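In: Provide a 3D model corresponding to the input given below.
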Amino acid sequence: MRKRVLGIFAVLMVLMILLSVMLYLDSGKRGDESASENLVSINEIDKLVQEGNTETASEKISELSDDIRKSNSGTGRDTRILIVGGAAFVFLLSAGIFVFVTVLRPLKKISKYTTEIAKGNTDIPLTYDRGSEVGEFSWAFDSMRKELNKARASEKEAIENNKTVIATLSHDIKTPITSIRAYAEGLEANMDSTPEKRAQYLQVIMKKSDEVSKVTDDLLLHSLSDMNRLKVEKKELEISGFVGNAVKDLDPDGKEITYDSCGIEGLVSADPGRLLQCIENLVTNARKYAPGPISVSLLRKDPYMSICIKDSGKGIPDEDMPFIFDKFYRGHNKGSQQGSGLGLYIVKYLMTQMDGDIVLQNTSDGLLAKLMLPLEKKD
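Out: Residues are numbered from 1 along each chain as shown. Reported below is the predicted structural model:
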C-alpha cells in the first residue's frame, strides 16, 4: 500500500512538471512569432519615414506599440505559469510527505508490531499519537495487547491457585489419616483394655474418617476453582471446651499433650472444622520437627483469645521466619522429614479468613504458636 500511494504522488508530480514545461514552451513559441512580426513592422515604418509619409508611419508606430504591450503581457503569463506549476509541485510534495508521516509510516510500524504479536511477544509497547485516525487505531491495538497480557496473567494465576488448592487439600487429608492409623494400630495392639476405651478409639476413627470425607469433598469442589472459594463458615464457639476436646482427640491417653485452660472461658467467632485443622496442623508439625512434650493453653487479651501451642524443640531459624508462611517453603530445620511446605501456609490462610491470625515466637525451650481469634462482642 505504501509503495502504491508513493507511486501515485510521484506520477502526479511528474505530470504537473511536464504540463508546466509544455505551457511555457508553447508560450515561448508565440513570443518568437510576435517578435518576427514586430521586426517586419519596424522595417515598414523605416521606409515610410524615408518616403516622407509621416502620417502613415505614426499609425504604424501606434500599432507596433500595442503589439509590444501585448507581447509583454504574454511574458507575464509565462512567468505566472511557472509560478503556478512550482506551487502545485510544492503542494503535491508536501501532501506526499504529510501522508507518509501521518499514515504510511504508522501503518508500517503497526505491520511490524502485529508480526511481533503473532510471534507471542506481547510485552513490547506500541508508541502512538492520539491526534490522528491512525493514532486512534494504534491506541485501540495497544489496549488490546494490554488486555491480552492481563488475560494471560489471570489464566496463569488461576492455574497456580488451582495447583495450590489441590496441594493444600491433599495436605489436609494426611493429618486425620495419621490419627486413624494410630488408633487402628492401638486396636491391633489390644491397647483398648476396656469397652469404654475401645468405644473411644472407634469414635475417634469414625470422626477422623468424616474429616477425610469433608476434605475430599472440598478437593472435588474446588479442584477447578481457587483458594478464595474454600468455604469458611464462622459461628460462636466456647473456646475452652472446644480446645479441650481437640486435644483429647489428638492424644486420648494424655501422655504427649498437656492442656491448661488457665481458667479462661469465652466465646469466639470461628469455623469449628477449619479451626480444628489449624490445631491439628500445628500439633503435627510439633510431633514431626520437635518430638517431645507439647503444651496447649489459652490466653485472653481483648479483643482476642489465643490458643497457645508450644513444643519442646529448638524453634525456627531466624532466617526462615520471614518466609515461613509462604506456600511450599520449608525451613532449614526440616532435616530428613518429608513434607510439602503447606502446613503453616494453610493455617495462616484459614486464620485470616476467620478474621484472626497466627503468631510464631521462638522461646528458650521451644516454639510457641498462637492462634488468635476475635472474641464475640457482648450485647
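
In: where in the stretch 251-379 of the chain is pLDDT low?
Out: Along the stretch 251-379 of the chain, the parts satisfying pLDDT under 70 run over 328, 332-341, 378-379.

In: can you rerun that using 80?
Out: Low-confidence segments of the stretch 251-379 of the chain, defined by pLDDT under 80: 327-343, 377-379.

In: quick one: the helices in it, in order.
Out: For the stretch 251-379 of the chain, applying DSSP state H, counting those that start in this stretch gives helices covering 272-289, 343-353.

In: of the ones you listed, which approaches residue 243 most closely?
Out: helix 272-289 (7.3 Å; C-beta to C-beta). For the C-beta atoms, the positions are set from N, CA and C on the backbone; glycine is no exception.

In: and the closest one, what other elements does it pack with?
Out: Judged by 3 or more C-beta pairs under 8 Å, 6 or more residues apart in numbering; DSSP states H and E, the packing partners of helix 272-289 are helix 133-188, helix 195-222, strand 235-238, helix 239-250, strand 294-301, strand 304-310, helix 343-353, strand 366-374.

In: export the ones you listed as a markdown table, with columns for distance to residue 323 and mean neighbour count.
Out: Listed next are the helices and strands packed on helix 272-289 as a markdown table, based on distance: least, C-beta to C-beta, whole Å; neighbours: other C-beta atoms under 10 Å:
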| stretch | distance to residue 323 | mean neighbour count |
| --- | --- | --- |
| helix 133-188 | 16 | 15 |
| helix 195-222 | 25 | 15 |
| strand 235-238 | 31 | 14 |
| helix 239-250 | 27 | 18 |
| strand 294-301 | 24 | 17 |
| strand 304-310 | 21 | 23 |
| helix 343-353 | 10 | 21 |
| strand 366-374 | 16 | 21 |
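
In: okay, those in JSON lines with distance to residue 94 next?
Out: Formatted as JSON lines, the helices and strands packed on helix 272-289 follow (distance: least, C-beta to C-beta, whole Å):
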{"stretch": "helix 133-188", "distance to residue 94": "18"}
{"stretch": "helix 195-222", "distance to residue 94": "66"}
{"stretch": "strand 235-238", "distance to residue 94": "79"}
{"stretch": "helix 239-250", "distance to residue 94": "84"}
{"stretch": "strand 294-301", "distance to residue 94": "80"}
{"stretch": "strand 304-310", "distance to residue 94": "77"}
{"stretch": "helix 343-353", "distance to residue 94": "66"}
{"stretch": "strand 366-374", "distance to residue 94": "74"}
